[in-house]
Structures are given as C-alpha cells and as structure tokens.
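Asker: Predicted structure and sequence below. I'll ask about it afterward.
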Amino acid sequence: MAWYPGARKMELQPESDSQPAIRPTQFIMHSIAAPWTKERTFEYWRDSTNLESHFGQSYDGSIAQYIGTETRADANYLANRRSDGTGAVSIETASNNDHSDPWTDAQVEGLISLGVWLHKQHGIPLRICRTASDPGFGYHRLHSDWAVSGTNCPGNARVAQFKNVIFPAIVARANGQPAPTTPTAPVEEDPMADMTKEDIAHATLYWLNEAMEETPASAGTHPLAGVVASLNAKFKANRALINGIPEKAKLTPAQIAAAFTNGVLKADVNVNVSTPPKAV
C-alpha cells in the first residue's frame, strides 16, 4: 500500500488491513460538511461509521492519511466496487456545515500537491473523469455513481475552484510548468446555467409544494394552494397547454428570485414543457 509523504499517517484499523486491494485510477475530492480537523475526521471514521476516506484535510491545508491508496476506502460508493479491481482515492476536506464555502488557499495548495503525487505515484491521468468509471480527477457530485443517494458535495464555490484553479494547477505542475497555487477570487458557478425550461417549471412546482407542506395545520389553507393546484392540473392534463416562454428565452437566477419575491407566479403562470419531467 502507498502512503503520501506529505500527510500525517493515522492508520484506521482493522479497515487498513482487512479491506480489499484496489488499483487507483481516480482521485475524488469531497467536503465533509463540518469544520473538522483531520484528527476529528479520523475519530469520526474510527468511532461513528463503517465508512472512511483515504485522506482528510483541515482548514489549514494539512492532510492526514487513514488508509493506503492501494486499499479500498468506502467514501466513493460504486467507485470502489468495480469488478475490474480499479478504484478511487478519496479526500474529505473541512468545510462549513452545508459545504458552501470555498477551499482556503492552504487547502487549495494541499489538494494540488496531493493530486500531483497521485498522478506520479499511480499514473492517474491528467483529465477530468468523463464517466463514473473513467480514470482521472473529479469531485464527489460529478457522477451519481459516486454517492449512494446523490450529493451536493462539494458546493458551487469549490466546484469552480476545482475547474478553474486546482485541476489546471495539477496538470501544469505534473508537466513541470509553473502555475498559481491559490485563486485571487474563486469563480462562482451559475447554479442554473444548465437548467432547461422544463427544469425551471418542475423546480418551481417542487418549491411551491414544499412551501405548502411546511405550513402548520393551524394556519389553514396555504395562500399558494391555488397556484399549485392549477399547475399540477396543467401538468397532468396536457403539457402542450403549458406554454408562453419564447423558445430562446433565458431566465437568470435573479429573474427566478424576483418572480417569487414580487408575486409574479400566479395561477396562470406559463412555462413551456416539451420533454418528460426530470426529478428535482
């Protein structure tokens, strides 16, 4: 089994000796949704669950390794269940409680250095994983097969850092080229950049239903009840009746927020749905 010389060795037992071997072909970055040190993460894996990651990272960028990189760790679900014996190396990194904050400069530097070592040690190719089994680098939410029930980990700020800073720097350093170690300002992703009109329609309906369900019974009928009933009826009766947004219209997050804030979403709201609904 391989141990990263830049990490503090904190070996998990019996997992380190009892779990099957893997051939590492991927490196997947996680946020643990807690502001934990690498020591606290070790304690959690040891005492509170039968899951674990290969590495843990504190906010100060320091890294601990819990299992050798050629032994299976279970933080990546099906990424460590492949029949050909390949697997993914994982790192859990300190974050705020909803993993929405960016990685610190020190964390970014630590992830870059570890990524370069994994490329040199195991030959992990310098590309972003194109599928759940494709060798390369990724972040936990990139492919659904990497999480039991799907995940939002890491948040948008860290995904942007991965794409714009961390992965490009890993590639540059692995090729002997200089690269910035920290971002001047992380580039935020637009959370709705890839949303289609049908996504917006079904997300709207989902949010309205959620709002109604959170209303105490003592409050009586929710004021949005009529809107929801009307939209539900339209979806069930005939998708062709739900139209109105021009084909090339692009709603921004600010426009969606304004629609809710200003009460624009009335019972006669129109959205164009031309394909079967997606799960929200």
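Answerer: Ah, there it is.
Asker: okay, and for this protein, where does confidence drop off?
Answerer: Applying pLDDT under 70 to the chain picks out residues 148-150, 179-280.
Asker: change it to 80
Answerer: 1, 77-81, 147-152, 178-280 (pLDDT under 80).
Asker: Can you list the residue ranges for strands in it?
Answerer: For the chain, applying DSSP state E gives strands covering 8-9, 23-31, 55-57, 63-65, 86-93, 136-139.
Asker: which residues in the chain form helices?
Answerer: For the chain, helices defined by DSSP state H occupy the ranges 15-18, 38-48, 105-122, 156-161, 167-174, 197-213, 225-237, 253-261.
Asker: Count the neighbours of Ala138 for me.
Answerer: For the record, residue 138 is Gly, not Ala. Using other CB atoms under 10 Å, Gly138 has 23 neighbouring residues. All C-beta spots, glycine's among them, are computed from the backbone N, C-alpha and C.
Asker: Numbering from 59 from now on, please.
Answerer: In the new count, where the first residue is 59, that last one comes out as Gly196.
Asker: Need the nearest residue in space to it, chain neighbours excluded.
Answerer: With sequence-adjacent residues excluded and distances taken as CB to CB, 6 or more residues apart in numbering, Gly196 is closest to Cys187, at 4.2 Å.
Asker: Please state the backbone phi and psi of that neighbour?
Answerer: Dihedral pair for Cys187: phi -60, psi 120, per degrees, to the nearest 10.
Asker: Surely it and Asp203 touch.
Answerer: No - using CB atoms under 8 Å, Cys187 is not in contact with Asp203, being 10.4 Å away.
Asker: who's more crowded, these two?
Answerer: Per other CB under 10 Å, whichever of Cys187 and Asp203 has more neighbours is Cys187, with 23 against 15.
Asker: Return the residues in contact with that one.
Answerer: Gln84, Pro193, Gly194, Phe195, Gly196, Leu200, His201 (CB atoms under 8 Å, 6 or more residues apart in numbering).
Asker: Identify the bridge partners of the fourth one.
Answerer: Each beta-bridge partner of Phe195 is listed here: Phe85, Ile186, as defined by DSSP bridges.
Asker: Count the neighbours of it for me.
Answerer: With other CB under 10 Å as criterion, Phe195 counts 26.
Asker: And Thr107, by the same measure?
Answerer: 9.
Asker: Look up how far Thr83 lies from it.
Answerer: Distance from Thr107 to Thr83, counting by CB to CB, to the nearest Å: 25 Å.
Asker: In this structure Gly119 contacts Leu172, no?
Answerer: No - between Gly119 and Leu172 no contact is recorded; they are 10.3 Å apart, counting by CB under 8 Å.
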